[in-house]
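>>> Generate coordinates for the sequence data below:
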Amino acid sequence: MATKVLVVEDEVKIAQILVDFLTLDGFEVTTIHDGADAVLQIKNQQPDFVILDLMLPNKDGLTICKEVRQFSNVPILMLTARVDEIDRLMGLEFGADDYVCKPFLPREVVARVKTILRRTAVIPATANDEEVTKYKVILLNLSRFQCQIAGVEVELTPVEFRLLNTLITRPGIVHSRDSLMQVCYLDDRIVSARTIDSHIKNLRNKLSQQGQEALLHSIYGIGYKIE
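Now for the predicted structure:
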């Protein structure tokens, strides 16, 4: 079955270029040209991937991304023509997986989509060969890409999942921001140290919601650990 990609882009020509190149690579592509109904369409269509423009009529891409992350971990690639937004995008606090600046090469976008899909793929598994990581009340099922905290299923973004898995695999060990960046971003992209701080903040909030915020520790000037 073809991977379903939803392109949310108000510039019709740009959207059509993406449709053409993605279709050539075997993707099944649909488009939306307005931000107003984007969240509802994502809920209804349940695409495997979303390409989301930052500047959209009626509702901007950041708002859409934040709302989608309330119910879905679908991979999201942001498109932006605003250079001044890059610092905010680098933080990825809103839950996107990556971004591309306009103007872009269509083949670059297709390559990014494939890379993100590989990075976030859920590996099918049987009950006998599922790979799990456990620490105290945290249970990560790597095969199913599922997280349980104190018995409650918690949705994590792909970066948050890799971050938490790294920390609980070696509890008590302090991980530097640089080492965490290498683990969380598998495509060697350049990100700032505060990118990890943003993900840690989001992860701590999710632990806090289950009463487990005390597990995650910040070590001033060095990095983070779980203990």
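
>>> Let me see the confidence value for the residue most central in space within the chain.
Centroid-nearest residue in the chain: D97, 3.6 Å away (criterion: Cα atoms, centre = their mean). If you check D97, the pLDDT there is 76.

>>> and what of the one 4 residues further on?
Reading off the confidence values, C101 has pLDDT 84.

>>> likewise P106?
92.

>>> likewise the one 10 residues further on?
I116 is assigned a pLDDT of 80 by the prediction.

>>> What about it, how many residues nearby?
Neighbours of I116 under the rule other Cβ atoms under 10 Å: 20. C-betas here are computed from N, CA, C, even on glycine.

>>> Assign a three-state SS to the closest residue to V109 other than its chain neighbours, would you?
For V109, ignoring the flanking residues on the chain, the nearest one in space by Cβ to Cβ, 6 or more residues apart in numbering is V100 at 5.8 Å. When classified by DSSP: H, G, I helix; E, B strand; the rest coil, V100 comes out as strand.

>>> In this structure the residue nearest to the centre of the chain contacts F161, no?
No. With contact defined as Cβ atoms under 8 Å, D97 does not reach F161; the gap is 11.6 Å.

>>> quick one, what contacts L77?
49-52, 96-100, 109, 112-113, 116 (Cβ atoms under 8 Å, 6 or more residues apart in numbering).

>>> Sorry, slip of the keys, the one I care about is V137.
V137 neighbours (Cβ under 8 Å, 6+ apart): 149-151, 210, 212.

>>> can we see that at 6 Å?
149-150 (Cβ atoms under 6 Å, 6 or more residues apart in numbering).

>>> mind checking how far it is from G211?
9 Å (Cβ to Cβ, to the nearest Å).

>>> Same check on F21?
47 Å.

>>> just P103 next, same as before
Relative to G211, P103 is positioned 48 Å away (Cβ to Cβ).

>>> quick one, which of those two is more surrounded?
Using other Cβ under 10 Å as the criterion, P103 and G211 rank with G211 on top: 12 against 7.

>>> Run through the residues that contact the more buried one.
For G211, the contact set (Cβ under 6 Å, 6+ apart) is empty.

>>> pLDDT value on it, please?
87.

>>> is it true that it lies in a strand?
No. Counting by three-state DSSP, G211 falls outside a strand, being coil.

>>> got the buried residues for the one helix or strand S208 maps to?
In this assignment (DSSP states H and E), S208 forms part of helix 193-209. For helix 193-209, a neighbour-count test (16 or more other Cβ atoms under 10 Å) marks 195-200, 202-204, 206-207 as buried.

>>> From the contact counts, what lies against it?
Contact analysis of helix 193-209 by 3 or more Cβ pairs under 6 Å, 6 or more residues apart in numbering; DSSP states H and E lists helix 86-91, helix 158-169, helix 177-184 as its packing neighbours.

>>> neighbours of the residue nearest to V109, just the number please.
Neighbours of V100 under the rule other Cβ under 10 Å: 17.
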